[in-house]
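Structure for this input, please:
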Amino acid sequence: MLTVLLVTTLLAPGLARAAEQAPLVLLVQPVLNEEQTRKAFQPLCDFIAKQAGRTCRVHTAPNFLAYWHMIQRNQGIDFVMDAAHFTDYRAQKQGYIVLAKIPEGVSYSLITPKSETVFDPQELLGKVIATLGPPSIGAARLNAMFPNPMRQPAIREVASAEEGIELVVKGRVSAAILPTPIVGQRLARHGDIYVVMTTEPIPHIALSAAPHIDPALRDRVRQALLSAPNSEAGRAMLKGIGFPGFEAASAETYHNQSRVLKEYWGY
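Coordinates of the predicted model:
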């Protein structure tokens, strides 16, 4: 017994230091594929790491169903960059604290090939539409467009927005519903798609902190994000993630956005 106590005493400081140095985990929703997501958000992860004095790694999931299961398990997550419905869910159900959001809102656009112009979504009944899988916002918006279960298109789930666009352009699906910013980038570069309609915007993605994160660190990260355009490191981070900045946000900003998740198991 004495030997065990002695060994535990000797090891305890080392174990504590190892725990303190464990990398922070930034979880990001899988709008892009896993490799693209890690690359796109590592600058933000590194920016958070500087505030914490610890390394940070980006974590995601191969699809939204796996991501939803990850949300429910809620293990090993320190910060999360998430869409409105997941942000609200975490704040209401799991005690996450919303720190800041990307300015303004984000919408989804229903697109078709430029050569196959469609003027009304109802023209797509019985045809194949690509979308990020449930419970993504895209899948929820598509369900809202076709509420009658007897009059719906066929759904093809895609692993990333880019995959959805490529399926449209190559004529493998009749349409896709995808984040408007990504649709806009494609239009600007190639002009080979047609926008049938765009949904009403919802609050843009937000960064939230898990409830176990020290309040002082939360405040440092929040202030660093809000003042990012004023520093060289902040501007480099914003350029790296492709957003103009962050603005103040709270749980109230996302109130009731999680209602679209009520139809999914585990809510």
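
contacts for stretch 85-98?
29, 71, 74, 80, 82, 135, 137, 140, 203, 205-211, 213, 218, 249-251, 253-261, 267 (CB atoms under 8 Å, 6 or more residues apart in numbering). Yep, even glycine has a C-beta here, placed from its N, CA and C like the rest.

buried ones in it?
By neighbour count on 16 or more other CB atoms under 10 Å, the buried set for stretch 85-98 is H85, F86, T87, D88, Y89, R90, A91, Y96, I97, V98.

Could you work out the most separated pair of these?
H85 and I97 (17.3 Å; CB to CB).

Select only the buried ones of the contacts of stretch 85-98 in ChimeraX?
In ChimeraX syntax, the buried subset of these is picked out as below (16+ other CB under 10 Å):
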select :29,71,74,80,82,135,137,140,203,205,206,207,208,209,210,213,218,249,251,253,254,257,258,260,261
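
Now do the same contact list for the closest residue to R57 other than its chain neighbours.
Computed as CB to CB, 6 or more residues apart in numbering, the closest residue to R57 that is not its neighbour in sequence is P23, at 4.9 Å. P23 is in contact with R54, T55, C56, R57, counting by CB under 8 Å, 6+ apart.

Distance to Y108 added to the residues you listed, as JSON lines?
JSON lines is the format used below for these (distance: CB to CB, whole Å):
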{"residue": "R54", "distance to Y108": "35"}
{"residue": "T55", "distance to Y108": "34"}
{"residue": "C56", "distance to Y108": "29"}
{"residue": "R57", "distance to Y108": "29"}
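
out of these, which one sits closest to D46?
Using CB to CB, the contacts of P23 come closest to D46 at C56, 6.5 Å.

Against A66, how distant is R73?
Distance, R73 to A66, using CB to CB, to the nearest Å: 11 Å.

Among those two, which residue is more densely surrounded?
Using other CB atoms under 10 Å as the criterion, R73 and A66 rank with A66 on top: 13 against 10.

Show me the helices in this protein, by range?
Assigned by DSSP state H, the chain shows helices spanning 2-20, 34-52, 64-73, 84-89, 137-145, 161-169, 180-189, 215-226, 232-241.

so which of those is the most packed in?
Mean neighbours per residue, mean count of other CB atoms under 10 Å, is largest over the helices of the chain for helix 84-89, with a mean of 25.
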